[in-house]
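Peer 1: Sharing a model prediction with you, sequence too.
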Amino acid sequence: MESFATLKRRTTDLLQSIPQNLPSMTLPNVTSTHAPATQKPKGPAPMKGTWEKIDIPPLPLSSHPINVVNGTAYIFGGDTQPGHPATNDMHVVTLPYNSAGADYYTIKAAPPKAYTPPPESPAEPETVAEAIAPAVEPLAAAEQAEDAPSSAKDKEKDLDDVPLASPTTGADPSFDDDDEEEEEEQDEVTPTTSASAKGKQPEEPLPPSALLPLVPGPRAGHATATLGHRIFLFGGRNPSTSQPLNEHGRVWVFDTRTHAWTFLDPVPPASGVTLTPTPAPRHGHAATATDRPRDFASRAPKRNQTWMAWAQGDSAEVGTPQAPIVGNVALHATDDDYDGFGTFFVHGGIVAPSSIASPDAASSEEKRACDLWAFDVRSRIWIELPAAPGPARAGAAMCVSKSRLFRFGGHDGSGPIGGQLDFVHLEVEMFDDGNSRGEVCVRARGGWQSIVAGASGGETEIPLVAAQEWPAPRGFAGLETVTSGAGREYLLLVGGEAADGVAERGREGTTTSFFNDVWAFQVPPLGMTAASVRDAMWQALGKPTGEGKWNRLQMGPYDDDNDDGEPLPRGYIATAAMGELEESGILVWGGVGSGKRHMSDGWILRLGE
């Protein structure tokens, strides 16, 4: 047989000889038209985005969070004006979708409603004796009442027969009334132990969290995150003292299905441990969440399964599609939200000193933090993860993309921070005893890594593109994760507070100007996705993939026929990814603009194709 190289050469020669063997054809004369010279674009096309304004009544807020669950936005707390906090009502905005417009209403803060079973109706008498029994009982009671006076008179007669004088026969001449009084006083002082009180331990004092209310009060500077159908809230500042609220590590939970507030108080990490680790009270912090751990180990022991049992499955309990057994599926159904899953992260902020013991205490010793805490929802345990690099700060922007937690910007008290994107890799700790296997908790794998502006490279998981434009330093901005399909994810950075050196001093220092620009950072894909395969092909060809690069978006209106412009520059904003409603969109609401004006509008930001 001929070798592969010989076959390849013969095929190439055959293809090259085709034009020579074709007959020549006379082509018609066509008048040439000179097209205007166009300049070829240099580099890739810029990324684009759109703005859409939400049409609802004005809702001015700042220093507030926002969350999106099933196409509905939930806003809690914040400041309506400087020094005027909002109520503890939940503001609900139904987001527009297709031809349906937006809607707005509020929900009063309330705990879950207690279930009260209906009163049982008295059973009908089965016999004649049972029917007349209620009538006989009043007659017997009346007869007993008539006999009662006579018995009382007999007792009084017996008392009258007792002589009033004390008997002298057989009396002890050494008896002293004073000694009797002293003995009575000693009996009163010395407590007597009854039989029912023996063996009981003294009552334990109530924990400090027991004195807190059942629903969260008005606050600002708090942070929230979403897990399933529930919204988790931590921290905030007291509206009357502007000091961090000391709630002893409590995490508030709002259920979007029942519209009720509950709470999760932390517990010690192990039995026998008296100290419960909790983050210090704070406000101006950042929060995010991940849905891991979720696949927990089964509590039931694994039984050996026969071939017959494997073939039948659970048909004996739930039936078959043709003949289902009603009720068994609902009987054994579980609710992931009720059981608890996921991890809630809290980072940085303005932290109260440990000397503050009450929510109303005031102190001028506030400081900023750079710590990172993880709250395991199922076990209710706070875990302190490695602290983030750089100076301690408030107003940092933070989000989770795949298995990485990203942080950008913030305010260290003297000015906004920027020029650096920090991230830490998260991993799930597993449990496997040979009988069952499941997820336990989320930990940090290694330490933090930083992508620094102007650096030529570094040992990080994300490659750095040299000589690129970076967002300006900023604090109290929004950072959210969106996807453009095929497994491609971006970090969207919106707005924020900028330093301009103006002498006017605001709440966070000499910062009075704000941004309204939008930046996108391309995150390397994880796993076997279409985006990862495409990037691998581009890397094999020696072409850039766009990973590790900031791109400033060119913004335009979502609807050309209804141009509402774009939002004004602002900081202290609230942002949230829209999730399944718009995988490439985020929601922006409120904030503080120039002149300390509180913004009252909401916008939908969509990443262009």
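Peer 2: Received it, and whenever you're ready, just let me know what you need. Remember, it's a predicted structure, so these values are computed and weren't measured experimentally.
Peer 1: What strand or helix carries Y338?
Peer 2: Mapping Y338 onto the secondary structure by DSSP states H and E places it in helix 336-339.
Peer 1: could you pull out the strands for the stretch 401-550 of the chain?
Peer 2: All strands of the stretch 401-550 of the chain, identified by DSSP state E, counting those that start in this stretch, fall at 404-408, 420-432, 437-452, 478-485, 488-498, 513-523, 550-552.
Peer 1: Among these, which comes closest to P239?
Peer 2: Across the strands of the stretch 401-550 of the chain, P239 has its closest neighbour in strand 488-498 (21.4 Å, CB to CB). C-beta here means a position set from N, CA and C on the backbone, and glycine is covered the same way.
Peer 1: Specify the angle between the closest one and strand 420-432 in degrees.
Peer 2: Here strand 488-498 points in a direction 130 degrees away from that of strand 420-432 (axes from the mean of the first three to the mean of the last three CA atoms, to 10 degrees).
Peer 1: which intervals of the stretch 151-300 of the chain have sub-threshold pLDDT?
Peer 2: Residues of the stretch 151-300 of the chain that meet the criterion pLDDT under 70 lie in 151-204, 299-300.
Peer 1: what do you get for the chain?
Peer 2: In the predicted model of the chain, residues 1-44, 121-204, 299-305, 312, 329, 332, 354-365, 456-460, 501-512, 526-546 satisfy pLDDT under 70.
Peer 1: closest one to D295 among the strands of the stretch 401-550 of the chain?
Peer 2: Shortest separation from D295 across the strands of the stretch 401-550 of the chain is recorded for strand 437-452, at 5.2 Å, computed as CB to CB.
Peer 1: OK, contacts around N88?
Peer 2: The contact partners of N88, taken as CB atoms under 8 Å, 6 or more residues apart in numbering, are F76, G77, A109, V215, P216, G217, P218, R219.
Peer 1: cutoff 7 Å now
Peer 2: With contact taken as CB atoms under 7 Å, 6 or more residues apart in numbering, N88 is in contact with A109, V215, P216, G217, P218.
Peer 1: Likewise for S513?
Peer 2: If you count contacts by CB under 7 Å, 6+ apart, then S513 has A498, D500 around it.
Peer 1: you'd agree S209 is in a strand?
Peer 2: No - remark: S209 does not belong to a strand; assigned using DSSP: H, G, I helix; E, B strand; the rest coil, it is helix.
Peer 1: Run through the bridge partners of R404.
Peer 2: With DSSP bridges applied, the residues forming beta bridges to R404 are S401, H425.
Peer 1: likewise the one 4 residues further on?
Peer 2: Taking DSSP bridges, one finds A397, L421 as the beta-bridge partners of F408.
Peer 1: So it versus A444, what's the distance?
Peer 2: The spacing between F408 and A444, counted by CB to CB, to the nearest Å, is 18 Å.
Peer 1: cool, and P268?
Peer 2: Shown here: P268 relative to A444, a distance of 21 Å by CB to CB.
Peer 1: ok, back up a step: which among the contacts of N88 end up buried?
Peer 2: When neighbours are counted using 16 or more other CB atoms under 10 Å, the contacts of N88 contain these buried positions: A109, V215, P216, G217, P218.
Peer 1: what about the residue nearest to G447 when sequence neighbours are not counted, how many neighbours?
Peer 2: By the measure of CB to CB, 6 or more residues apart in numbering, the closest residue to G447 outside its immediate chain neighbours is P386, 5.5 Å from it. When neighbours are counted by other CB atoms under 10 Å, P386 registers 13.
Peer 1: who's in contact with P386?
Peer 2: If you count contacts by CB under 7 Å, 6+ apart, P386 has them with L372, V424, A444, G447, W448.
Peer 1: next one: P416
Peer 2: G409, P473, R474, G475, E497, A498, A499, T511.
Peer 1: Mark which of those residues are buried, thanks.
Peer 2: Buried members of the contacts of P416, scored by 16+ other CB under 10 Å, are G409, P473, R474, G475, E497, A498, A499, T511.
Peer 1: hey, C-alpha coordinates of stretch 443-455 in PDB?
Peer 2: In PDB, the C-alpha atoms belonging to stretch 443-455 read as follows (Å, rounded to 0.1, in the frame of the first residue of the first chain):
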ATOM      1  CA  ARG A 443     -13.300  26.300  52.500                       C
ATOM      2  CA  ALA A 444     -10.700  28.500  50.900                       C
ATOM      3  CA  ARG A 445      -8.100  26.700  48.800                       C
ATOM      4  CA  GLY A 446      -4.800  28.400  49.400                       C
ATOM      5  CA  GLY A 447      -4.600  32.100  49.900                       C
ATOM      6  CA  TRP A 448      -5.800  35.200  48.000                       C
ATOM      7  CA  GLN A 449      -4.400  36.000  44.600                       C
ATOM      8  CA  SER A 450      -4.300  39.500  43.000                       C
ATOM      9  CA  ILE A 451      -4.300  40.800  39.500                       C
ATOM     10  CA  VAL A 452      -2.600  44.200  39.600                       C
ATOM     11  CA  ALA A 453      -2.800  46.900  37.000                       C
ATOM     12  CA  GLY A 454       0.400  47.500  35.100                       C
ATOM     13  CA  ALA A 455       2.000  44.200  36.100                       C
END
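Peer 1: List the buried residues for it?
Peer 2: Residues of stretch 443-455 classed as buried: A444, W448, Q449, S450, I451 (neighbour count, 16+ other CB under 10 Å).
Peer 1: Is it possible to get JSON lines of the residues you listed that adds distance to E52?
Peer 2: Listed next are the buried residues of stretch 443-455 as JSON lines, based on distance: CB to CB, whole Å:
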{"residue": "A444", "distance to E52": "37"}
{"residue": "W448", "distance to E52": "36"}
{"residue": "Q449", "distance to E52": "35"}
{"residue": "S450", "distance to E52": "35"}
{"residue": "I451", "distance to E52": "31"}
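Peer 1: if I look at G565, how far off is I586?
Peer 2: Relative to I586, G565 is positioned 18 Å away (CB to CB).
Peer 1: more neighbours, these two?
Peer 2: I586 (25 against 9).
Peer 1: Name every strand pairing with the strand or helix carrying that one and say which way it goes.
Peer 2: Assigned by DSSP H and E, I586 belongs to strand 585-589. In its sheet, strand 585-589 lies beside strand 574-577 (antiparallel), strand 602-607 (antiparallel), with partners assigned from DSSP bridges.
Peer 1: Dump the longest one to CSV, keeping only the CA atoms.
Peer 2: Backbone C-alpha positions of strand 602-607 (Å, rounded to 0.1, in the frame of the first residue of the first chain) are rendered in CSV as follows:
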residue,chain,number,x,y,z
GLY,A,602,-34.0,51.7,38.8
TRP,A,603,-32.3,50.4,35.6
ILE,A,604,-31.7,47.1,33.9
LEU,A,605,-28.2,46.7,32.5
ARG,A,606,-27.8,44.1,29.7
LEU,A,607,-24.6,42.8,28.2
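Peer 1: quick one: that strand to strand 478-485, angle?
Peer 2: Using the same axes, to 10 degrees, the interaxial angle of strand 602-607 with respect to strand 478-485 works out to 40 degrees.
Peer 1: Measure how strand 602-607 sits relative to strand 513-523, angle-wise.
Peer 2: Here strand 602-607 points in a direction 40 degrees away from that of strand 513-523 (the same axes, to 10 degrees).
Peer 1: count of residues packed around A45?
Peer 2: Counted by other CB under 10 Å, the residues lying close to A45 total 8.
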